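Asker: okay, predicted coordinates and the sequence, questions at the end:
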Amino acid sequence: MKKSYNQKEEIKKIVFAALLTALSVLIGLVCKTYLTFGAIRITFDNLPVILAGALLGPVYGGAVGAAADLVTAPSTGSVNPFITLGAAAVGIIAGVMFKYVLKGRGFIKSLLGVLPAHIIGSMVIKTFGLWYFYSYAIQLCLLRIPVYLCISLAEAYLIYIILKNKRITSAFGR
């Protein structure tokens, strides 16, 4: 049976996606200012992107990731297509994992939704972009792996706490 199109629901999703994009931009700018050490940046700007994927699906997750990166790109001087692709991949992969692969709400399931998104989007695609476009030393780029493993654990826990809230999840049919 096909779902009917609900304009109010779509508007609600678009507005929530815009809010998550703005939150990601804000977190990203604060972390770029205070927590950047060469190719290493300690940030939780992917948290709203992953939340968009988890609650709204992979299309919205990818759109939030790409939009947030494109808005913050002028602060770095230029748009790096690999960084934008990596940001979109974080949202898309999280959306696929939460919407189609994982069922339930445990911490391990949140970790299994967040970890692949960070491995592919942040550790592989974005790291390649830093190495290729900005000529960061590969040894410095490889330091991003343990940093993003720690960030993944923290974000998975935060996502777990957010998704436990029945008001948030019921607002988006999860």
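Answerer: Structure's in. What do you need?
Asker: show me the shaky parts of this protein.
Answerer: Within the chain, the stretches falling below the threshold (pLDDT under 70) are 1-5, 38-39, 76, 137, 173-174.
Asker: now do 50
Answerer: Scanning the chain with the threshold set as pLDDT under 50 gives 1.
Asker: in it, which spans are helices?
Answerer: Counting by DSSP state H, the chain has helices at residues 7-34, 47-56, 58-72, 81-96, 107-117, 127-134, 138-142, 144-164, 166-171.
Asker: R41 is nearest to which of those helices?
Answerer: R41 lies closest, by C-beta to C-beta, to one member of the helices of the chain: helix 7-34, at 6.0 Å. Backbone N, C-alpha and C define where each C-beta goes, glycine included.
Asker: any idea which of the helices of the chain is most buried?
Answerer: helix 47-56 (a mean of 28; mean count of other C-beta atoms under 10 Å).
Asker: what's the angle from it to helix 58-72?
Answerer: Angle of helix 47-56 versus helix 58-72, following axes from the mean of the first three to the mean of the last three C-alpha atoms, to 10 degrees, is 160 degrees.
Asker: output the contacting helices and strands for helix 47-56.
Answerer: Contacts defined by 3 or more C-beta pairs under 8 Å, 6 or more residues apart in numbering; DSSP states H and E place helix 47-56 against helix 7-34, helix 58-72, helix 81-96, helix 107-117, helix 144-164.
Asker: and the angle for the first one with helix 47-56?
Answerer: This points to helix 7-34. 160 degrees.
Asker: likewise the third one?
Answerer: In terms of direction (the same axes, to 10 degrees), helix 81-96 departs from helix 47-56 by 40 degrees.
Asker: ok, which of the helices of the chain comes nearest I40?
Answerer: Closest to I40 of the helices of the chain, according to C-beta to C-beta: helix 144-164, at 5.7 Å.
Asker: just the C-alphas of the closest one, formatted as PDB.
Answerer: Extracted as PDB, the C-alpha positions of helix 144-164 are listed here (Å, rounded to 0.1, in the frame of the first residue of the first chain):
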ATOM      1  CA  ARG A 144      42.100  11.500  12.300                       C
ATOM      2  CA  ILE A 145      41.200   7.800  12.700                       C
ATOM      3  CA  PRO A 146      41.500   7.600  16.500                       C
ATOM      4  CA  VAL A 147      40.000  11.100  16.900                       C
ATOM      5  CA  TYR A 148      36.900  10.100  14.900                       C
ATOM      6  CA  LEU A 149      36.600   6.800  16.700                       C
ATOM      7  CA  CYS A 150      36.300   8.700  19.900                       C
ATOM      8  CA  ILE A 151      34.000  11.200  18.400                       C
ATOM      9  CA  SER A 152      31.900   8.400  17.000                       C
ATOM     10  CA  LEU A 153      31.500   6.900  20.500                       C
ATOM     11  CA  ALA A 154      30.400  10.200  22.000                       C
ATOM     12  CA  GLU A 155      28.000  11.000  19.100                       C
ATOM     13  CA  ALA A 156      26.500   7.500  19.300                       C
ATOM     14  CA  TYR A 157      25.800   8.000  23.000                       C
ATOM     15  CA  LEU A 158      24.200  11.400  22.300                       C
ATOM     16  CA  ILE A 159      22.100   9.900  19.400                       C
ATOM     17  CA  TYR A 160      21.100   7.100  21.700                       C
ATOM     18  CA  ILE A 161      19.900   9.600  24.300                       C
ATOM     19  CA  ILE A 162      18.000  11.700  21.700                       C
ATOM     20  CA  LEU A 163      16.400   8.700  20.100                       C
ATOM     21  CA  LYS A 164      15.200   7.500  23.500                       C
END
